[in-house]
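One predicted model, sequence on top.
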Amino acid sequence: MAERTATLEGTITALAEQKKYPALRDILVTMNPADTAALFDGIEEHLLPLLFRLLPKDMAAETFVEMEPDSQELLIRGFSDSELKEVVDELYVDDAVDLVEEMPANVVRRILRQADPETRRLINNILQYPDDCAGSIMTTEFVDLLPTMTVADAVKRIRRTGTDKETINICYVIDSGRHLLGTVSIRTIILSEDDEVLSEIMQENVISVGTLTDQEDATALFSKYDLTVLPVVDNENRLVGIITVDDALDVLETETTEDIEIMGGVTPTDKPYLKTSIWETFKARFPWLLLLMISATFTGQIIASFENALAAATVLTAYIPMLMDTGGNSGSQASVTVIRGISLGDIEFKDYFKVLWKEIRVAVLCGAALAAANFVKLMLVDRMLFHNPEITVTVAAVICLTMVCTVLCAKVVGCTLPMLAEKLGFDPAVMSSPFITTIVDALSLLIYFRFAVTILKL
C-alpha cells in the first residue's frame, strides 16, 4: 500500500509539473475522497491548491473534510472568497464545526463570513456545547416527519428535503413541539403501502442521548445496539440533532489513541506523529518522565535503607531486577484488563470486590506457579550448573516467597488504581503501566528485604 501511494504521488507530481491537467483530473475523479485526501497530505505544498481546483465541486468538499488541518488551512489561505464559499456550502454542519474548531481565529472569521446565515447560526449553536459531549459532535441535518403523515407524504418530504441531509436511512418522527416520538427507516417506508400512517409503522422504542452526554458514552451505544445513527435530544426530549456512525468512529479512534498515549506515559496530542515537531513531542513526554523519575527515588531509598542486609548477602542483589520486572508485568496485566473492561462498560466501581477477589485468586495461581518454576531454576541452574554455593534452600525460599507476595500485591494494585481513578472522575488510563510499575517496584523491594531480614537473620 505504501509503495502504491508513493508511486501515485510521483505520477501526480510529474503530471502536474508537465501541466497535463486533463490527465490529472481523470486520475483524481476515479479516487475515493479519503484516498485523495491522503494523497494530498503527502504532496508538495505548492501543488496542493492546483490539484484541489481540478476536483469536481462535490468531490472537492468531501476530500476537504478528510484532509489534515494543516493542509486545510493552507488551502483556505489560498482560496478566493468565492472558492471558499463553494466549499463551505457543500459541507455538512458537523464537518463545518470541526473545521472551525481546528482553524486559527483569523481563518475562522473568514469561514463564517462565507457561510450562509442559517449555517452560521447552526455552527454557533453547536459550538456552544462543551467539548467531548454529544452535542459537540452532532449534526442538525436530518429528516424529520410528523406522525400524521402517510407514507406517500413522507416520500414527498424526503425527496424534497433529503438532498442536503447527511443521511436519510433513518427518519425521525416528531410532534409539533419537536419532541421525539419514534423512528422509521427508509426501508420500512418503501415497503409500506402509500396510505399507511407513520404513527402505525414507526419504531417507538428509540435509543437516544442527551446533548451533554459524554461523547465516549454516546459512541459506545453504536457498538452495543448496532446503530448507524443516534438521535440527540435536550432535557425535554426535543430532537436537536443526530450523531452518525462516521463521527462515532472518529471519536472512538481519538479516545483510543488518547488512552494508549496516556497508558504509555505521554501527554495526548491530536496531531499525527510525523507532523508533530520535536519540541511538541518533548513537551508531551518530559513531564511524565520527570514525574516517574522522581517517584522512582523511593525505590533507591528502600535499597539504601537495607544496604547492610545486601552487604551481608550480596547474592540477593542479582535477583532484584527479576522480582521487580515480574511484579511490574503482573500489575500491568491486571491494569490493562481492568482499564479495557471499564472502557467497554463491562466493569463498574460496584464490581470492585468481584474484580479484586478474581485477581487475588489469579495472583495466587500465577505466583505459586512462578515460584515453583523459579525454585527449580535456582537449584538446578544457578546452584548446580553455575556452581553458585551461595544459592541455598533458604535463599531460594526468600526469593520464591517474595515472588508470590509481589505478584499478589501487583495484581491488587493493578486492578484497584484504575477503578479508583474512574470513581474519582479521572481517566482510568492514567493509572497505567508506568505508575503501577513504579509502585510495585517499591513494594517488591520492601517485601524482598523484609523476608531476607526475617528468614536469613541479616
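Yes, it's here.

drop to CA atoms for contacts and neighbour counts, all remaining ones
Noted.

count of neighbours near residue 429?
The local packing of residue 429 (other CA atoms under 10 Å) involves 26 other residues.

pLDDT wise, what is it at?
pLDDT, residue 429: 73.

Would you indicate which residues of the lengthiest helix in the chain are buried?
Using DSSP state H, we find that the single longest helix of the chain is helix 393-423. Within helix 393-423, the residues that count as buried by 16 or more other CA atoms under 10 Å are 395-422.

any idea of the mean pLDDT in it?
What helix 393-423 shows for mean pLDDT is 93.

Report all helices and strands that it contacts.
Secondary-structure packing of helix 393-423 (3 or more CA pairs under 8 Å, 6 or more residues apart in numbering; DSSP states H and E): helix 320-343, helix 352-377, helix 433-456.

Of those helices, which is nearest residue 116?
helix 320-343 (39.9 Å; CA to CA).

okay, the angle between the closest one and helix 433-456?
With axes from the mean of the first three to the mean of the last three CA atoms, to 10 degrees defining the directions, helix 320-343 sits at 140 degrees from helix 433-456.

contacting residues around helix 320-343?
For helix 320-343, contacts defined as CA atoms under 8 Å, 6 or more residues apart in numbering pick out 347-348, 359, 402-403, 406-407, 409-415, 417-419, 428-429, 431-433, 436-438, 440-441, 444-445.

what stretches of the stretch 301-450 of the chain score poorly on pLDDT?
430-433 (pLDDT under 70).

what are the ranges of the strands in the stretch 51-200 of the chain?
144-145, 170-174, 180-185 (DSSP state E, counting those that start in this stretch).

in the stretch 101-250 of the chain, which spans are helices?
105-114, 117-127, 134-137, 151-161, 186-191, 198-201, 215-225, 245-263 (DSSP state H, counting those that start in this stretch).

Tabulate those (JSON lines), appending mean pLDDT and mean neighbour count.
Formatted as JSON lines, the helices of the stretch 101-250 of the chain follow (pLDDT from 0 to 100; neighbours: other CA atoms under 10 Å):
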{"stretch": "helix 105-114", "mean pLDDT": "85", "mean neighbour count": "15"}
{"stretch": "helix 117-127", "mean pLDDT": "84", "mean neighbour count": "16"}
{"stretch": "helix 134-137", "mean pLDDT": "92", "mean neighbour count": "27"}
{"stretch": "helix 151-161", "mean pLDDT": "95", "mean neighbour count": "16"}
{"stretch": "helix 186-191", "mean pLDDT": "95", "mean neighbour count": "14"}
{"stretch": "helix 198-201", "mean pLDDT": "95", "mean neighbour count": "18"}
{"stretch": "helix 215-225", "mean pLDDT": "90", "mean neighbour count": "17"}
{"stretch": "helix 245-263", "mean pLDDT": "81", "mean neighbour count": "17"}
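
Take the ones you listed and lay them out in a markdown table including distance to residue 87.
Compiled in a markdown table, the helices of the stretch 101-250 of the chain are given as follows (distance: least, CA to CA, whole Å):
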| stretch | distance to residue 87 |
| --- | --- |
| helix 105-114 | 10 |
| helix 117-127 | 13 |
| helix 134-137 | 20 |
| helix 151-161 | 20 |
| helix 186-191 | 29 |
| helix 198-201 | 36 |
| helix 215-225 | 27 |
| helix 245-263 | 20 |
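
So for residue 180, which of those sits nearest?
helix 198-201 (12.1 Å).

that older thread, what's the angle between the longest helix of the chain and helix 433-456?
150 degrees.

Tell me what angle helix 393-423 forms with helix 352-377.
Using the same axes, to 10 degrees: helix 393-423 against helix 352-377 is 160 degrees.

my read is residue 387 is in a helix, agree?
No: read with DSSP: H, G, I helix; E, B strand; the rest coil, residue 387 is coil and lies in no helix.

quick one, phi/psi of it?
phi 50, psi 50 (degrees, to the nearest 10).

How many neighbouring residues does it have?
Look at residue 387: counted by other CA under 10 Å, it has 12 neighbours.

begin at 36 from here
Yes, from this point I'll number from 36; that puts the last item at residue 422.

Counting neighbours, what do you get for residue 109?
14.

pLDDT value on it, please?
For residue 109, pLDDT reads 87.

how close does it sit to residue 388?
Separation of residue 109 from residue 388 (CA to CA, to the nearest Å): 54 Å.

Show me the domain layout of the chain.
What automatic domain parsing lists as the domains of the chain is 37-163, 179-287, 331-491.

Pipe these into TSV and attach distance to residue 325 per row.
Formatted as TSV, the domains of the chain follow (distance: least, CA to CA, whole Å):
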stretch	distance to residue 325
domain 37-163	30
domain 179-287	30
domain 331-491	10
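
Which one, of those domains, ends up nearest to residue 297?
So among the domains of the chain, domain 331-491 is nearest, using CA to CA, at 5.8 Å.

Figure out how far the closest one is from the centre of its chain.
30 Å (CA atoms, centre = their mean, to the nearest Å).

Just the terminal-to-terminal distance for that domain.
Using CA to CA, the two ends of domain 331-491 sit 27 Å apart.

distance of residue 112 from residue 135?
Counting by CA to CA, the gap from residue 112 to residue 135 is 14 Å.

Comparing the two, which residue is more hemmed in?
When neighbours are counted by other CA under 10 Å, residue 112 and residue 135 differ, and residue 135 comes out ahead with 19 against 13.

Please report how far the closest residue to that one other than its chain neighbours lies from residue 131.
If the residues on either side of it in the chain are set aside, residue 135 comes closest to residue 143, at 5.6 Å by CA to CA, 6 or more residues apart in numbering. Counting by CA to CA, the gap from residue 143 to residue 131 is 10 Å.

re earlier: is the residue nearest to residue 135 in contact with residue 133, as I believe?
No: assessed by CA atoms under 8 Å, residue 143 is found out of contact with residue 133, at 11.0 Å.
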